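>>> Below is the sequence, then the predicted model.
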Amino acid sequence: MTSDPEPVATAPGTEPVAVAGTPTSGTPASGTATSIDSRELARHVGAIFVAEPVLVVGPDLVRGFATMTGADHWMHVDQERARASPLGRATVQGLLTLSLGAELERRALAVRASDAVFYGFDRVRFPAPMFVSDPLGLRVEILAVEELGGAVQARLRHTFTSVGPRPVCVSEQNIRYIH
(Lines give C-alpha, C1' and ligand atoms only; values in the text may rest on other atoms or scores of the structure.)
Protein backbone atom coordinates (compact mmCIF):
# COMPACT_ATOMS: atom_id res chain seq x y z
CA MET A 1 0.00 0.00 0.00
CA THR A 2 1.23 3.46 -0.78
CA SER A 3 -0.44 5.36 2.04
CA ASP A 4 -2.39 4.74 5.20
CA PRO A 5 -6.11 4.49 4.59
CA GLU A 6 -8.42 7.05 6.06
CA PRO A 7 -9.83 5.76 9.37
CA VAL A 8 -13.51 4.87 9.18
CA ALA A 9 -16.08 3.65 11.67
CA THR A 10 -15.44 0.16 12.95
CA ALA A 11 -17.37 -2.46 10.99
CA PRO A 12 -19.97 -4.57 12.79
CA GLY A 13 -18.43 -7.48 14.66
CA THR A 14 -15.14 -5.71 15.37
CA GLU A 15 -15.94 -4.35 18.81
CA PRO A 16 -13.18 -4.58 21.43
CA VAL A 17 -13.02 -7.88 23.31
CA ALA A 18 -11.20 -9.22 26.36
CA VAL A 19 -7.59 -10.05 25.60
CA ALA A 20 -5.80 -12.54 27.85
CA GLY A 21 -8.35 -12.07 30.61
CA THR A 22 -8.02 -8.28 30.76
CA PRO A 23 -11.21 -6.41 29.85
CA THR A 24 -10.85 -3.92 27.05
CA SER A 25 -12.46 -0.54 27.60
CA GLY A 26 -13.43 1.59 24.64
CA THR A 27 -11.92 1.27 21.18
CA PRO A 28 -8.22 0.42 20.89
CA ALA A 29 -6.00 3.36 19.95
CA SER A 30 -5.98 3.81 16.20
CA GLY A 31 -3.14 1.81 14.67
CA THR A 32 -1.99 0.38 18.02
CA ALA A 33 -1.47 -3.38 17.91
CA THR A 34 -1.23 -5.57 20.99
CA SER A 35 2.38 -6.71 21.36
CA ILE A 36 3.23 -10.21 22.65
CA ASP A 37 6.60 -11.93 22.92
CA SER A 38 6.72 -15.20 20.95
CA ARG A 39 7.78 -17.06 24.13
CA GLU A 40 4.53 -15.93 25.81
CA LEU A 41 2.19 -16.67 22.89
CA ALA A 42 0.87 -19.95 24.36
CA ARG A 43 -0.56 -18.01 27.32
CA HIS A 44 -2.84 -16.16 24.89
CA VAL A 45 -4.59 -19.10 23.21
CA GLY A 46 -8.23 -18.13 22.82
CA ALA A 47 -7.54 -14.39 22.86
CA ILE A 48 -9.01 -12.21 20.12
CA PHE A 49 -7.37 -9.07 18.76
CA VAL A 50 -9.10 -6.43 16.63
CA ALA A 51 -7.48 -4.49 13.79
CA GLU A 52 -7.81 -0.72 14.07
CA PRO A 53 -8.36 1.17 11.89
CA VAL A 54 -10.21 -0.85 9.29
CA LEU A 55 -9.30 -0.55 5.60
CA VAL A 56 -11.56 0.85 2.92
CA VAL A 57 -11.05 -1.34 -0.17
CA GLY A 58 -11.48 1.10 -3.02
CA PRO A 59 -11.78 0.56 -6.77
CA ASP A 60 -8.16 1.56 -7.46
CA LEU A 61 -6.86 -1.22 -5.22
CA VAL A 62 -9.28 -3.72 -6.82
CA ARG A 63 -8.22 -2.68 -10.35
CA GLY A 64 -4.53 -2.79 -9.42
CA PHE A 65 -4.93 -6.30 -8.03
CA ALA A 66 -6.84 -7.31 -11.18
CA THR A 67 -4.06 -5.98 -13.39
CA MET A 68 -1.33 -7.67 -11.39
CA THR A 69 -3.01 -11.08 -11.05
CA GLY A 70 -5.37 -11.36 -14.00
CA ALA A 71 -8.35 -11.56 -11.61
CA ASP A 72 -10.20 -9.06 -13.78
CA HIS A 73 -13.72 -10.52 -13.93
CA TRP A 74 -16.26 -7.81 -14.71
CA MET A 75 -17.90 -8.33 -11.29
CA HIS A 76 -14.79 -6.76 -9.75
CA VAL A 77 -13.74 -4.07 -12.22
CA ASP A 78 -16.86 -2.93 -14.11
CA GLN A 79 -18.93 -0.86 -11.67
CA GLU A 80 -21.77 -0.23 -14.16
CA ARG A 81 -22.21 -3.84 -15.19
CA ALA A 82 -21.96 -5.00 -11.56
CA ARG A 83 -24.81 -2.64 -10.60
CA ALA A 84 -27.07 -4.61 -12.96
CA SER A 85 -25.98 -7.97 -11.44
CA PRO A 86 -27.95 -9.85 -8.76
CA LEU A 87 -25.55 -8.51 -6.10
CA GLY A 88 -26.08 -4.92 -7.28
CA ARG A 89 -22.48 -3.82 -6.69
CA ALA A 90 -18.90 -4.66 -7.65
CA THR A 91 -17.17 -7.14 -5.37
CA VAL A 92 -13.61 -7.37 -4.12
CA GLN A 93 -11.63 -10.41 -5.29
CA GLY A 94 -11.53 -13.09 -2.58
CA LEU A 95 -7.76 -13.43 -2.84
CA LEU A 96 -7.34 -9.67 -2.44
CA THR A 97 -9.45 -9.80 0.72
CA LEU A 98 -7.36 -12.70 2.00
CA SER A 99 -4.07 -10.96 1.19
CA LEU A 100 -5.11 -7.83 3.10
CA GLY A 101 -5.01 -9.99 6.23
CA ALA A 102 -1.28 -9.36 6.52
CA GLU A 103 -1.76 -5.58 6.78
CA LEU A 104 -4.78 -5.84 9.04
CA GLU A 105 -3.09 -8.37 11.33
CA ARG A 106 -0.23 -5.90 11.87
CA ARG A 107 -2.83 -3.46 13.17
CA ALA A 108 -4.19 -6.03 15.63
CA LEU A 109 -1.31 -8.17 16.87
CA ALA A 110 2.45 -7.76 16.89
CA VAL A 111 4.33 -10.90 17.90
CA ARG A 112 7.86 -10.05 18.95
CA ALA A 113 10.23 -12.66 17.51
CA SER A 114 13.54 -12.71 15.67
CA ASP A 115 11.70 -13.93 12.58
CA ALA A 116 8.29 -15.13 11.42
CA VAL A 117 7.71 -17.68 8.68
CA PHE A 118 4.32 -18.12 7.02
CA TYR A 119 3.68 -21.88 7.07
CA GLY A 120 0.36 -22.01 5.18
CA PHE A 121 -3.41 -22.03 5.37
CA ASP A 122 -5.51 -24.86 6.77
CA ARG A 123 -8.86 -23.50 5.64
CA VAL A 124 -10.22 -20.50 3.73
CA ARG A 125 -13.89 -19.68 3.17
CA PHE A 126 -15.77 -16.68 1.74
CA PRO A 127 -19.24 -16.80 3.39
CA ALA A 128 -20.42 -13.39 2.10
CA PRO A 129 -19.39 -10.95 -0.63
CA MET A 130 -17.00 -8.11 0.10
CA PHE A 131 -18.10 -5.01 -1.81
CA VAL A 132 -15.83 -2.42 -3.38
CA SER A 133 -15.53 0.80 -1.30
CA ASP A 134 -16.74 -0.86 1.90
CA PRO A 135 -14.65 -1.10 5.08
CA LEU A 136 -12.75 -4.31 5.79
CA GLY A 137 -12.02 -5.22 9.39
CA LEU A 138 -10.24 -8.17 10.98
CA ARG A 139 -10.46 -10.16 14.18
CA VAL A 140 -7.44 -12.36 14.91
CA GLU A 141 -7.92 -15.29 17.28
CA ILE A 142 -5.05 -17.42 18.53
CA LEU A 143 -6.40 -20.96 18.16
CA ALA A 144 -3.36 -23.03 19.15
CA VAL A 145 0.34 -22.71 19.84
CA GLU A 146 2.81 -25.56 19.50
CA GLU A 147 6.20 -25.30 21.17
CA LEU A 148 9.12 -26.19 18.89
CA GLY A 149 12.85 -26.09 19.60
CA GLY A 150 13.70 -22.38 19.51
CA ALA A 151 10.33 -21.44 18.03
CA VAL A 152 6.55 -21.71 18.32
CA GLN A 153 4.02 -22.42 15.62
CA ALA A 154 0.73 -20.59 16.03
CA ARG A 155 -2.57 -21.35 14.32
CA LEU A 156 -4.53 -18.12 13.87
CA ARG A 157 -8.11 -17.61 12.74
CA HIS A 158 -8.65 -14.47 10.68
CA THR A 159 -12.29 -13.38 10.56
CA PHE A 160 -12.71 -10.58 8.03
CA THR A 161 -15.74 -8.35 8.58
CA SER A 162 -17.48 -5.66 6.59
CA VAL A 163 -20.87 -3.98 6.74
CA GLY A 164 -23.05 -7.11 6.63
CA PRO A 165 -23.83 -9.49 9.47
CA ARG A 166 -21.76 -12.37 8.06
CA PRO A 167 -17.97 -12.42 7.71
CA VAL A 168 -16.64 -11.89 4.20
CA CYS A 169 -13.74 -14.31 4.74
CA VAL A 170 -12.64 -16.74 7.44
CA SER A 171 -9.20 -18.34 7.26
CA GLU A 172 -6.96 -20.42 9.47
CA GLN A 173 -3.26 -19.97 8.99
CA ASN A 174 -0.07 -21.21 10.55
CA ILE A 175 2.86 -18.97 11.38
CA ARG A 176 6.15 -20.13 12.83
CA TYR A 177 7.75 -17.56 15.14
CA ILE A 178 11.48 -18.01 15.72
CA HIS A 179 12.61 -16.82 19.18
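On my side now, so go ahead.
>>> And the strands in this protein?
Here the chain has its strands, by DSSP state E, at 34-37, 48-50, 55-56, 109-112, 115-125, 135-148, 151-161, 169-178.
>>> Just the buried residues of the longest one, please?
Going back to what we said before, that points to strand 135-148. 135-142, 145 (16 or more other C-beta atoms under 10 Å). Every residue, glycine included, has its C-beta placed from N, CA and C.
>>> before we move on, the earlier item: which one of the strands of the chain lies closest to G88?
Nearest to G88 among the strands of the chain is strand 135-148; the distance by C-beta to C-beta comes to 18.0 Å.
>>> Measure how the closest one sits relative to strand 115-125, angle-wise.
Strand 135-148 runs at 120 degrees relative to strand 115-125, counting by axes from the mean of the first three to the mean of the last three C-alpha atoms, to 10 degrees.
>>> And for V92, nearest residue in space, chain neighbours not counted?
M130 (4.2 Å; C-beta to C-beta, 6 or more residues apart in numbering).
>>> One more: L95?
A71 (6.5 Å).
>>> Low-confidence ranges, the chain, go.
Across the chain, the ranges flagged by pLDDT under 70 are 1-31.
>>> Show me what counts as buried in the lengthiest helix in it.
Counting residues, the longest helix found in the chain (DSSP state H) is helix 59-69. By 16+ other C-beta under 10 Å, the buried positions in helix 59-69 come out as 61-62, 65-66.
>>> what do you get for stretch 108-118?
Buried residues in stretch 108-118, defined by neighbour count with 16+ other C-beta under 10 Å: 108-109, 111, 113.
>>> Tell me, how many residues neighbour P167?
By the measure other C-beta atoms under 10 Å, the count of residues near P167 is 21.
>>> and it, how far is that from R63?
From P167 across to R63, the span is 24 Å (C-beta to C-beta, to the nearest Å).
>>> Could you tell me which residues make contact with the most centrally placed residue in the chain?
What sits nearest the mean C-alpha location of the chain, by C-alpha atoms, centre = their mean, is G101, with 3.3 Å. G101 sits next to 138, 158, 160, 169, 171, 173 when contact means C-beta atoms under 8 Å, 6 or more residues apart in numbering.
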